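>>> This is the structure alone, sequence omitted:
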């Protein structure tokens, strides 16, 4: 609202007409959602913010040469508002919530991205990821010219004895089903191989370290990255708790630094173990180095940072490379950067708040852990405690003893 009032003041100072769109909304976030649905009237205009100096990523060659589609009436209303403010999206992004910024990033990518192919996915329930893998392979083999922007998702869900789904309902169902498959908690029998492992101490999933690469697994990781990008574009979550550090790597690229602080943000327990390992004896230190995938001769002073790098980067290099390739094919990095989507924003949008598959992942991790390593539950307490001695009646209080009862704080 403050931004709208500033716009009114700016228009008054310039003796300029006040855009009618200012009176149709009560906040910028509401305008963003209206723009997504074309709910604010007006004639289409070009987007006023075409500068590229806010983004460090280079634009794909030839992308600007493609003819941009006419923006929606809602997008035109947003263009008039930014023109009235005399500002850029990066300055307005701070007034939007994460969902609204994702809407604006997708609308801007659609308005400037040139020809965007509609990737059709005919998926049976319980086999969404395989259908996406096939569709991506078909798109990669398509004849030139290829689209300059990310492909858009078109889904038709069939099978399972339920009515067929199309449109946004099909996209939401496909993304939720794909998340269950990627985490290995889907209803398919036999279940597909899980691409992520739940880390109970972090409350999120991560790549399985030291997994042998294969073309089939690489294709599934590429599909996972592409599906994550589609979840952002559609604001329909996958439902799995992907950590913000994963999206930090996707956004920062080679500039990402796998520091001990980055590991602590993901898993405080793993970071504490990495700090404590150099203080242990030779045998325990060698075991910690082996568990981290490091040679036993790793200098003790360098162990914490080396362990963080091994866990976040080196130990999952091929998995992340495949997932990042799928992400780049489905996301517009320039639009995400212009609208200031942070790693925490993307993790919340892709995972959902809360992630619907997190309870099943946690239960599966608890069931797979040895019984001795599990924390005792309330049902285990009676059997784990020794029996109480029988109650005895207190004897008489001796003469001269004064009993004083006082409440104390525990």
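Nice, thanks for sending it over. Model, not experiment: these values are computed from the prediction. Residues are numbered from 1 along each chain as shown.
>>> for the record, mean pLDDT for the top helix by length along the chain?
Longest helix in the chain, counting residues (DSSP state H): helix 215-234. The average pLDDT for helix 215-234 rounds to 91.
>>> what sits up against the next helix or strand after that helix?
Using DSSP states H and E, the helix or strand that follows helix 215-234 in sequence is helix 244-252. For helix 244-252, contacts defined as CB atoms under 8 Å, 6 or more residues apart in numbering pick out 206, 225, 256, 262-263, 265-266, 312-313, 320, 324, 327, 333, 336-337, 341-344, 346-347, 350. Any C-beta I mention is one placed from the backbone N, CA and C, and that applies to glycine too.
>>> I would like a ChimeraX command selecting only the buried ones among those residues, please.
Buried residues within the contacts of helix 244-252, by 16 or more other CB atoms under 10 Å, are selected in ChimeraX with:
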select :206,225,262,263,265,266,312,320,324,327,333,336,337,341,343,346,347,350
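>>> Which residue ranges of the stretch 101-250 of the chain form helices?
128-140, 167-183, 215-234, 244-252 (DSSP state H, counting those that start in this stretch).
>>> which stretch among these comes nearest residue 110?
helix 215-234 (8.9 Å; CB to CB).
>>> what packs against that closest one?
helix 98-112, helix 128-140, strand 152-158, helix 167-183, helix 317-330, helix 343-351 (3 or more CB pairs under 8 Å, 6 or more residues apart in numbering; DSSP states H and E).
>>> what's the first one packed up against?
Secondary structure elements in contact with helix 98-112, counted by 3+ CB pairs under 8 Å, 6+ apart, are helix 28-37, helix 73-85, helix 215-234, helix 333-338, helix 343-351.
>>> let's see it at 6 Å
helix 28-37, helix 333-338 (3 or more CB pairs under 6 Å, 6 or more residues apart in numbering; DSSP states H and E).
>>> got CSV for the helices and strands packed on helix 215-234, with distance to residue 87 too?
Shown next, in CSV, are the helices and strands packed on helix 215-234 (distance: least, CB to CB, whole Å):
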stretch, distance to residue 87
helix 98-112, 13
helix 128-140, 37
strand 152-158, 29
helix 167-183, 32
helix 317-330, 29
helix 343-351, 21
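>>> picking that back up, for the longest helix of the chain, which positions count as buried?
217-234.
>>> what ranges of this protein fall below the confidence cut-off?
Applying pLDDT under 70 to the chain flags residues 1-31, 34-77, 88-91, 112-126, 139-153, 159-166, 187-191, 210, 369-410.
>>> Domain boundaries for it, per the record?
2-59+66-96, 118-256+313-367 (automatic domain parsing).
>>> returning to that earlier point: among the helices and strands packed on helix 215-234, which comes closest to residue 289?
The nearest among the helices and strands packed on helix 215-234, by CB to CB, is helix 317-330 at 18.9 Å.
>>> who touches that closest one?
150, 207, 213, 218, 221, 222, 224, 225, 226, 229, 230, 250 (CB atoms under 6 Å, 6 or more residues apart in numbering).
>>> residues of it that come out buried?
For helix 317-330, by 16+ other CB under 10 Å, it's 319, 320, 322, 323, 324, 326, 327, 328, 329, 330.
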